[in-house]
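Visitor: Attaching a predicted model along with its sequence, questions to come.
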Amino acid sequence: MRSAYQQRTQKVGRMSVATVALTRRAEALGKWGDALAGDDFVALPGSELTGWFPPADLARFAATWEHLPRDETVTGGVVRERRYGRLMASRGPTGQWSFAPLPHRAFQQTAEHIPLYDGQARMFSPIPESTLTDPALTELIGIDLAVVAAAAPQLSRAEVGLHQIRVLATPDAPGSPTPEGRHRDGHDFIGMHLMGRVHCAGGESVIHRDGLPQTRMTLTDRLDSLVVSDTRITHEVTPTVADGTTGVRDMLLVDINER
């Protein structure tokens with residue numbers, strides 16, 4: 001039987017571990033936010049982010065990519081599966097974010113930003129509400145918003161657009177993550193999160209900043225991520241190439257627009 005002293009010591013030890021974890025998380029978010037504010041983009045390592053999620057929650061959320069319908073709006077031989085949804089995000093007095101699902105509607109970008117679709121409204125299959133309110137998803141959005149808040153400290157309310165996308169590559173046809181090429185999407189900020197990739201090479205993310213060399217990186221591990229200031233940079237992703245069987249690249253895109 002443990003003494004009262006031993007019980008108190010164990011409790012303090014658990015609290016100390018939790019406090020250290022929260023401190024490290026706050027330091028990481030602050031560092032990434034400073035990088036976004038200074039460079040207009042920041043890379044977030046999946047090796048760190050995955051440790052912030054219960055493994056079962058992350059696996060459950062990632063499994064929803066197995067149920068995406070075909071994206072019939074994309075042409076030119078591109079094979080893509082996709083769902084779309086929206087949330088309203090509000091920041092409380094303690095800095096915590098809360099989320100409310102918004103009605104489903106078509107997704108539209110101006111022809112100025114994406115000439116490929118000539119400004120047409122594209123209707124994608126909706127993300128189910130059970131996924132929109134999944135704790136793993138709202139936690140990931142909260143991370144994006146915490147990083148963005150360093151570059152836009154006035155942000156307290158945002159409309160969040162969510163895109164679950166699977167790009168497929170076959171031995172006969174490469175996958176095309178960005179058929180529109182180098183572009184802006186027309187949002188304030190975008191979070192880009194790799195949820196999975198198998199049997200493919202390529203898919204290199206390219207960041208373009210005026211007057212500076214390109215920045216190129218490949219998201220390879222789950223939750224390897226980028227957060228970008230979409231008003232200040234342009235970006236693209238190179239084709240994916242299958243390694244002999246069907247190649248898969250799963251992404252979550254988080255559009256953030258102040259409201």
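Guide: All right, it came through fine.
Visitor: from memory residue 127 sits against residue 164, does it?
Guide: Yes - using C-beta atoms under 8 Å, residue 127 is in contact with residue 164, at 6.2 Å. Placement of C-beta: from N, CA and C, glycine included.
Visitor: which residues are in contact with both of the two?
Guide: Counting by C-beta atoms under 8 Å, 6 or more residues apart in numbering, the contacts common to residue 127 and residue 164 are 83-84.
Visitor: Do you have the strands of the stretch 151-259 of the chain handy? List them.
Guide: For the stretch 151-259 of the chain, the strands defined by DSSP state E, counting those that start in this stretch cover 157-169, 189-198, 200-202, 204-208, 215-218, 225-229, 234-237, 240-242, 247-258.
Visitor: separation between residue 157 and residue 80?
Guide: In this view, residue 157 and residue 80 are 31 Å apart by C-beta to C-beta, to the nearest Å.
Visitor: show me the contacts for residue 158.
Guide: Contacts of residue 158 (C-beta under 8 Å, 6+ apart): 88-89, 145, 188, 256-259.
Visitor: Can you tell me how far it is from residue 126?
Guide: Shown here: residue 158 relative to residue 126, a distance of 20 Å by C-beta to C-beta.
Visitor: try residue 136
Guide: In terms of C-beta to C-beta, residue 136 sits 18 Å off from residue 126.
Visitor: Check residue 239 too.
Guide: Residue 239 is 28 Å from residue 126, by C-beta to C-beta.
Visitor: which one of these two has more residues nearby?
Guide: Legend: neighbour count by other C-beta atoms under 10 Å for residue 239 and residue 126, higher for residue 239 (19 against 16).
Visitor: Identify the residue nearest that one in space, chain neighbours excluded?
Guide: Spatially, and ignoring its direct neighbours in sequence, residue 239 is nearest to residue 174 (3.9 Å; C-beta to C-beta, 6 or more residues apart in numbering).
Visitor: what sits against the one you found?
Guide: 202, 239-242.
Visitor: And the pLDDT at it?
Guide: As predicted, residue 174 sits at a pLDDT of 95.
Visitor: repeat for residue 21
Guide: Confidence score, pLDDT, at residue 21: 85.
Visitor: Which helix or which strand is home to it?
Guide: helix 4-39 (DSSP states H and E).
Visitor: The helix or strand following that helix packs against which elements?
Guide: Later in the chain than helix 4-39, the nearest helix or strand by DSSP H and E is strand 41-44. Packing partners of strand 41-44 (3 or more C-beta pairs under 8 Å, 6 or more residues apart in numbering; DSSP states H and E): helix 4-39, helix 135-151, strand 225-229.
Visitor: Mind doing that once more with 7 Å?
Guide: helix 4-39, strand 225-229 (3 or more C-beta pairs under 7 Å, 6 or more residues apart in numbering; DSSP states H and E).
Visitor: Next, format the ones you listed as JSON lines and append mean neighbour count and distance to residue 45.
Guide: Below are those laid out as JSON lines (neighbours: other C-beta atoms under 10 Å; distance: least, C-beta to C-beta, whole Å):
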{"stretch": "helix 4-39", "mean neighbour count": "13", "distance to residue 45": "9"}
{"stretch": "strand 225-229", "mean neighbour count": "23", "distance to residue 45": "8"}
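Visitor: Next, format the ones you listed as JSON lines and append distance to residue 46.
Guide: Formatted as JSON lines, these follow (distance: least, C-beta to C-beta, whole Å):
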{"stretch": "helix 4-39", "distance to residue 46": "13"}
{"stretch": "strand 225-229", "distance to residue 46": "7"}
